[in-house]
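J.: curious how this folds, go ahead:
(one chain, ligands or ions: 2)
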Amino acid sequence: MSLIVKNLTKRFTARGTPAVADVSFAAPTGGITTLLGPSGSGKSTVLRVIAGLEQPDSGQVLFGDEDVTHLPAQHRGLGFVFQSYALFKHMTVRKNIAFGLGVRKTPSADARRKVEELLALVQLDGLGERYPAELSGGQRQRVAFARALAIEPKMLLLDEPFGALDAQVRVELRDWLRRFHDEQHVTTLLVTHDQEEAMELSDHLVVMHEGRVAQAGTIREVYDRPATPFVAGFVGGANVMRGQMVDGRVSVGVGVGLLAVNVTNGTDAPEGAAVNAYVRPHDVTLTKADADTPKISVARVERMAWIGGYVKLSLKLSDGAPMTVEMPKSEIEALGINEGDLVMANLREAKVFMDYSI
Ligand code: ADP
Ligand code: MG
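T.: Ligands and ions are numbered 1, 2, ... in the order given. As a prediction, this is how the structure comes out:
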């Protein structure tokens, strides 16, 4: 079932900016839609309004064609998983899941069968008689998923569901959720501040900033054509440099030299305009400087972090400005670049926004 949110506004205080301001987006049937934004950007408030746990000041929530804005939470047929969805400590896994079914007394044969199905679905077969304290964090969170799924929800609402887990378990559970979703196709709305999580899981991304939707689209649309400087910086990360539009390209100062760089976000900044150029760390390529390289175009490698298949380099440009670069490990090795080396930076492309500060 699809979800449509129309012009939602929610204030917690009479004065000041609303927690959620004029938020509209659609979450398509059977997909994972992610609300991505920094802490305090209004993600949980939007989720709580959709769940019926919070009434909006204005706006609508539609499930398919049905306006559910004023429908009580318990009639919305939604499943929730929160960061720490406290399981009932004194109940076994099986009883926790059965609780989601609405079976509080002796479960019927049907309910028992359903619980077994759910245990298999979340890959916890055989652990039904354990208590939450006897499970790992990842297993506990899968019990929370099973409990949410027990009512066969029209939609799953997940608020930072992996937030309390260790990095490795988080990645495992994320992979599990993706596979699970590919089999079950429950319409899912995920809230996270973690852009990597958002990119790995979502079909559709809604980036939130200060209570508003900064941009909505596919991952690639948002990443390749960020609508605002905030989105360019928050999704994917970027080096921000002052520049000027020259012949349809952006001329940026790299150290005390100038580079002409291709602009790939279709800016309408006119010739000569002062702009901010956003350059992704992986859009910087390095070559090693030698004795003939002019000093002004040289940067120093201050730090290198070897992260799996790529290397993250912190450079200091000739004017003292920092720059972050990410290059494949194999390229760094082939170039023989080490900490302390002098290098030249080239910029593959930039996203450009008008600089209204000057
Ligand atoms: P996020 O989930 O993106 O971190 P929230 O939706 O939790 O953001 O919060 C958005 C804003 O609304 C924040 O400024 C927060 O302090 C405020 N807020 C959230 N819930 C309440 C509440 N129950 N009472 C007052 N202010 C709230
Ligand atoms: Mg939140």
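J.: what helix or strand does K312 sit in?
T.: strand 310-316 (DSSP states H and E).
J.: ditto for E200
T.: Going by DSSP H and E, E200 is part of helix 195-201.
J.: quick one: name whatever helix or strand follows the strand holding K312.
T.: Following strand 310-316 toward the C-terminus (DSSP H and E): strand 322-328.
J.: so how far is that following strand from its chain's centroid?
T.: 21 Å (CA atoms, centre = their mean, to the nearest Å).
J.: for that strand, buried residues please.
T.: M323, T324, V325, E326, M327 (16 or more other CB atoms under 10 Å). Glycine gets a C-beta too; all of them are placed from N, C-alpha and C.
J.: of all those residues, which comes closest to ligand 1?
T.: Distance to ligand 1, by CB to the nearest ligand atom, is smallest for T324 among the buried residues of strand 322-328, at 25.6 Å.
J.: so what's that closest one up against?
T.: T324 is in contact with G237, N239, P281, V284, K312, L313, S314, L315, counting by CB atoms under 8 Å, 6 or more residues apart in numbering.
J.: find the nearest non-adjacent residue to the third one, please.
T.: Counting by CB to CB, 6 or more residues apart in numbering, the nearest residue to P281 once its immediate chain neighbours are dropped is E326, at 4.1 Å.
J.: these two touch, right, that neighbour and W306?
T.: No. Look at E326 against W306 with CB atoms under 8 Å: they stay out of range, at 11.4 Å.
J.: residues in contact with L47?
T.: Here L47 is in contact with L35, L157, D159, L189, V191 (CB under 8 Å, 6+ apart).
J.: what's the local residue count around the third one?
T.: It refers to D159. If you count neighbours by other CB atoms under 10 Å, D159 ends up with 20.
J.: kindly report the same for the second one.
T.: With neighbours defined by other CB under 10 Å, the count for L157 comes to 24.
J.: and what of the fourth one?
T.: Here the number of neighbours of L189 (other CB under 10 Å) works out to 26.
J.: now K10. Its backbone dihedrals?
T.: For K10, the backbone dihedrals (degrees, to the nearest 10) come out as phi -140, psi 120.
J.: look up the closest residue to it, ignoring the ones flanking it.
T.: That would be V20: by CB to CB, 6+ apart, it lies 4.3 Å from K10.
J.: any idea how far that neighbour is from A277?
T.: 32 Å (CB to CB, to the nearest Å).
J.: one more: D247?
T.: On the measure of CB to CB, D247 and A277 end up 15 Å apart.
J.: these two: who's more crowded?
T.: A277 (28 against 8).
J.: quick check: bridge partners of that one?
T.: M241, V352 (DSSP bridges).
J.: local confidence estimate at it?
T.: pLDDT, A277: 95.
J.: helices or strands next to the helix or strand R140 falls within in the packing?
T.: Taking DSSP H and E as the criterion, R140 maps to helix 137-149. When contacts are defined as 3 or more CB pairs under 8 Å, 6 or more residues apart in numbering; DSSP states H and E, helix 137-149 packs onto strand 78-82, helix 93-101, helix 109-121, helix 167-184.
J.: do any residues in the shortest one lie close to ligand 1?
T.: No. Using CB under 6 Å from any ligand atom as the criterion, no contacts between strand 78-82 and ligand 1 are found, and the smallest distance is 11.1 Å.
J.: that strand - contacts with which helices or strands?
T.: helix 43-51, helix 137-149, strand 155-159.
J.: need these in TSV (columns: mean pLDDT and distance to A27).
T.: Below are the helices and strands packed on strand 78-82 laid out as TSV (pLDDT from 0 to 100; distance: least, CB to CB, whole Å):
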stretch	mean pLDDT	distance to A27
helix 43-51	97	9
helix 137-149	91	17
strand 155-159	95	8
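J.: what count of nearby residues applies to the closest residue to G217 other than its chain neighbours?
T.: Using CB to CB, 6+ apart and skipping the chain neighbours, the partner closest in space to G217 is L205 (6.4 Å). Other residues near L205 come to 27 when the count uses other CB under 10 Å.
J.: list the contacts of the nearest residue to L62 once chain neighbours are set aside.
T.: Spatially, and ignoring its direct neighbours in sequence, L62 is nearest to I4 (4.2 Å; CB to CB, 6+ apart). Shown in contact with I4 (CB under 8 Å, 6+ apart): F25, A26, A27, Q60, V61, L62.
J.: now with 10 Å, please.
T.: Each residue near I4 by CB atoms under 10 Å, 6 or more residues apart in numbering is listed here: S24, F25, A26, A27, P28, Q60, V61, L62, F63, G64, D65, D67.
J.: give me the contacts around stretch 9-26.
T.: Under CB under 10 Å, 6+ apart, the answer for stretch 9-26 is 2-8, 33, 35, 40-46, 48-49, 54-60, 62, 189, 204-206, 208, 210-213, 216.
J.: tell me which of those fall in strands.
T.: In this view, these that belong to strands under DSSP state E are 3-8, 33, 35, 58-60, 62, 189, 204-206, 208, 212-213, 216.
J.: where does this structure have low pLDDT?
T.: Along the chain, segments meeting pLDDT under 70 span 85, 103-107, 294-297, 358.
J.: if we can go back for a sec, which one of the helices and strands packed on strand 78-82 lies nearest to ligand 1?
T.: Closest of the helices and strands packed on strand 78-82 to ligand 1 is helix 43-51, at 3.2 Å (criterion: CB to the nearest ligand atom).
J.: what bridges to the residue nearest to L62?
T.: The partner residues for I4, given DSSP bridges, come to A26, L62.
J.: swap in T9?
T.: Going by DSSP bridges, T9 forms beta bridges with S58.
J.: about what we covered before: buried members of the contacts of I4 into PyMOL, please.
T.: Of those, the buried ones go into a single PyMOL selection, burial set by 16+ other CB under 10 Å:
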select buried, resi 25+27+61+62+63
